[in-house]
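> Curious how this folds, go ahead:
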Amino acid sequence: MRRVIRVFLVFFVAALLLGNSNCTKQASTTDSPVFVTSLAIQDANGDATATFLQGATIQFVLSVRNRSTTSETLWFNTSEVTNFAVVEAGTGDAIWSSDHGLSPVSGFQSLTFLPGEVKTFTVSWNQADDNGNAVGVANYEVLGGLTVYNTVGAGGAQDTADSMAVGLPSGSQMTPTIYRSSLTFFTIQ
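Numbering: from 1, shown residues only. Next comes the predicted model:
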């Protein structure tokens, strides 16, 4: 009888300890990214390509998907929601940004994504740098992203947080995040 009681007590204590531990698999996605951001490059007809003739219009298409099962709202501190930047391939030298010369209106605005919703943002580029000069035949890369304000440090060109920088990004801001795409390669010939 003592043996049965001891076995019972061992199982009881083990159950208590395991029940209060983190040994079970958690279903929570709190450590998973809520958004996934990707970038596609298209010609003026909307066809995907990575090679363009000099002077041809290039379209950059940013897709942002809400991975969660709940609606998610993002906040912006100006009228600027996205920014795209072209850099010389293999460098951190940004030569063009889609917000160059724009004067975004101050004031908060929001953008709500339904569960699983994908929003796309398209900008056309005429192959001119921020000084208005035509870029040369070469290899380039582009990144795009949301200029989200509701992340730590978001909203300015010096930011290194998850959002896309306003203006030309620095080299440290060219890594992909939940709000920034990875650098996507293309060639102008």
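
> Give the full set of residues in contact with Gly167.
Neighbour list for Gly167: Asn83, Ser97, Asp99, His100, Ala157 [criterion: CB atoms under 8 Å, 6 or more residues apart in numbering]. Yep, even glycine has a C-beta here, placed from its N, CA and C like the rest.

> That one and Val61, how far apart?
Distance, Gly167 to Val61, by CB to CB, to the nearest Å: 21 Å.

> what's the most distant pair in the contacts of Gly167?
Greatest spatial distance in the contacts of Gly167: His100 and Ala157, 11.5 Å, computed using CB to CB.

> any residues in contact with both of the two?
Jointly contacting His100 and Ala157 under the rule CB under 8 Å, 6+ apart are Gly167, Leu168.

> Give me the contacts around stretch 111-120.
For stretch 111-120, contacts defined as CB under 8 Å, 6+ apart pick out 35, 61-74, 76, 81, 146.

> go on, stretch 66-82?
29, 32-36, 62, 98-99, 102, 104-118, 121, 123, 144-150, 155, 164, 166.

> okay, and for this protein, where does confidence drop off?
Counting by pLDDT under 70, the ranges of the chain that qualify are 1-32, 102-105, 150-160.

> Swap in 80 and give it another go.
1-33, 77-79, 101-108, 149-161, 172 (pLDDT under 80).

> Which stretches in it count as helices?
Counting by DSSP state H, the chain has helices at residues 2-19.

> all strands in it, in order from the N-terminus.
35-42, 51-52, 58-66, 72-78, 82-88, 94-97, 106-113, 118-125, 138-146, 184-188 (DSSP state E).

> Which strands or helices does the shortest one pack on?
Which is strand 51-52. When contacts are defined as 3 or more CB pairs under 8 Å, 6 or more residues apart in numbering; DSSP states H and E, strand 51-52 sits against strand 184-188.

> Quick one: distance of the strand it packs on to the chain centre.
19 Å (CA atoms, centre = their mean, to the nearest Å).

> Name the strands paired with that strand and say parallel or antiparallel.
Each strand paired with strand 184-188, and its direction, by DSSP bridges: strand 51-52 (parallel), strand 138-146 (antiparallel).
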